[in-house]
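Enquirer: Here is my input, please return the structure:
(chains A and B)
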There are 2 protein chains.
Amino acid sequence: MFPPRPTELLHLLLKSEIAAGDFVIDATAGNGHDTAFLAKVAGETGKVLAIDVQAQAIESTAARLESEGLRDRVKLHHGCHTNLADFAGGKSPTAIIFNLGYLPGGDHGVITRTENTLQALEAASEILRPAGILAVICYPGHDGGGEEAAAVEDFIASLATHRTARYGMLAAEKPAPFLLLSRKSG
Amino acid sequence: MFPPRPTELLHLLLKSEIAAGDFVIDATAGNGHDTAFLAKVAGETGKVLAIDVQAQAIESTAARLESEGLRDRVKLHHGCHTNLADFAGGKSPTAIIFNLGYLPGGDHGVITRTENTLQALEAASEILRPAGILAVICYPGHDGGGEEAAAVEDFIASLATHRTARYGMLAAEKPAPFLLLSRKSG
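Expert: Prediction:
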């Protein structure tokens, strides 16, 4: 699609930034769409860590990976992404993706909470390897999403060690999802 | 570079939207960087119309095209882009690019003027073929650029027949250049 959706642009740009064999993290596995993408670009020798606080998300991500023959490349963690540094076990990823908001087809009452999100983003920035990429998709159109999206944008923009771009649609009827693309200094 | 500069993202995305043989317009030839890009993607059978109000820009664009073996694919027009519909001679382009602000290395006193720019953008939207692409790079950091950039963003966002995205850097010391990517309805 042109202009691309935020997720489409993210995948297009990450494709040439993640190399075979890399370690990468999907901090919000959701339905596994981004996890499967990361597993493909990290390749057979790559390692993906995918985290989600909802058991249903972990299950549907596992099912998707299984059906695409990618299950072996991914370690799934049912838990809160605020603990992502522990889950990563001291390893420094090349890229970390956050796709905020609720699980498509899941319980819309379970949305990411701003405080947890900022804590997880801070941990993500710390464990990223030099020149690593932090990418966040925000949904200001969801209930409570506007406040979270603004807080996330401010937080990422304030990271002095990162260079950040923002991509989103203009003139949508409700606030449209947007993408934050950030690279840590090398 | 990651995140890409607005011009880099524009070229990356247009590459898969412009086909060999297409007719495209560079409404602000400048030093010919975008013109040469368009001439490459439109291919040997493509036609590029490049416009600039400064003779120096037309000369340096001609020189660049010559040195890259692309001169035959491009019709250069020394004139104001408000007349782009006349220059296009009734043909409907696949894409029209505007790169606003002053000519690199040229006379910084000659900047694009908001009123002319909006008139040229309106003409561009009208002559674009259905599903055609209008792309604008704005420079709010230049003298008078902030006002022009805001007016251009409002104008493009108000085009009911277009779907538009905005891409730019966050937290730069001065307002950073940004890209507007717009597709006319098909």
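Enquirer: List the residues that contact the residue nearest to A:Val53 when sequence neighbours are not counted.
Expert: Take A:Val53 and drop its neighbours on the chain: the residue closest to it by C-beta to C-beta, 6 or more residues apart in numbering or on different chains is A:Cys80, 5.2 Å away. All C-beta atoms are positioned from the backbone trio N, CA, C, and that covers glycine. A:Cys80 makes contact with A:51, A:53, A:116, A:120 under the criterion C-beta atoms under 8 Å, 6 or more residues apart in numbering or on different chains.
Enquirer: change it to 10 Å
Expert: By C-beta atoms under 10 Å, 6 or more residues apart in numbering or on different chains, the contact set of A:Cys80 is A:27, A:51-53, A:87, A:112-113, A:116, A:119-120.
Enquirer: farthest pair in those?
Expert: A:Phe87 and A:Arg113 (18.6 Å; C-beta to C-beta).
Enquirer: Counting by contacts, list what the helix or strand of chain A with the lowest mean pLDDT packs against.
Expert: The helix or strand of chain A with the lowest confidence, counting by mean pLDDT, DSSP states H and E, is helix A:145-158 at a mean of 93. The contact analysis (3 or more C-beta pairs under 10 Å, 6 or more residues apart in numbering or on different chains; DSSP states H and E) places helix A:145-158 against helix A:114-127, strand A:133-138, strand A:162-169, strand A:178-184.
Enquirer: doesn't A:Lys174 fall inside a helix?
Expert: No - judged by DSSP: H, G, I helix; E, B strand; the rest coil, A:Lys174 forms no part of a helix; its state is coil.
Enquirer: Just give the nearest non-adjacent residue to it, would you?
Expert: Excluding the flanking residues, the one nearest A:Lys174 by C-beta to C-beta, 6+ apart is A:Gly141, at 4.3 Å.
Enquirer: Buried residues in the least confident helix or strand of chain A, which are they?
Expert: If you call a residue buried by 16 or more other C-beta atoms under 10 Å in any protein chain shown, then helix A:145-158 has these buried ones: A:145, A:148-149, A:151-153, A:155-157.
Enquirer: can you put these in TSV and add distance to A:Arg64?
Expert: What follows is the buried residues of helix A:145-158, written out as TSV (distance: C-beta to C-beta, whole Å):
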residue	distance to A:Arg64
A:Gly145	24
A:Glu148	26
A:Ala149	26
A:Ala151	30
A:Val152	26
A:Glu153	29
A:Phe155	30
A:Ile156	28
A:Ala157	33
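Enquirer: so which of those residues comes closest to chain B?
Expert: For these, the minimum distance to chain B (C-beta to the nearest C-beta) is 4.0 Å, reached by A:Ala157.
Enquirer: hang on, the earlier thing: for the residue nearest to A:Lys174, give its distance to A:His33.
Expert: To A:His33, A:Gly141 is 19 Å away according to C-beta to C-beta, to the nearest Å.
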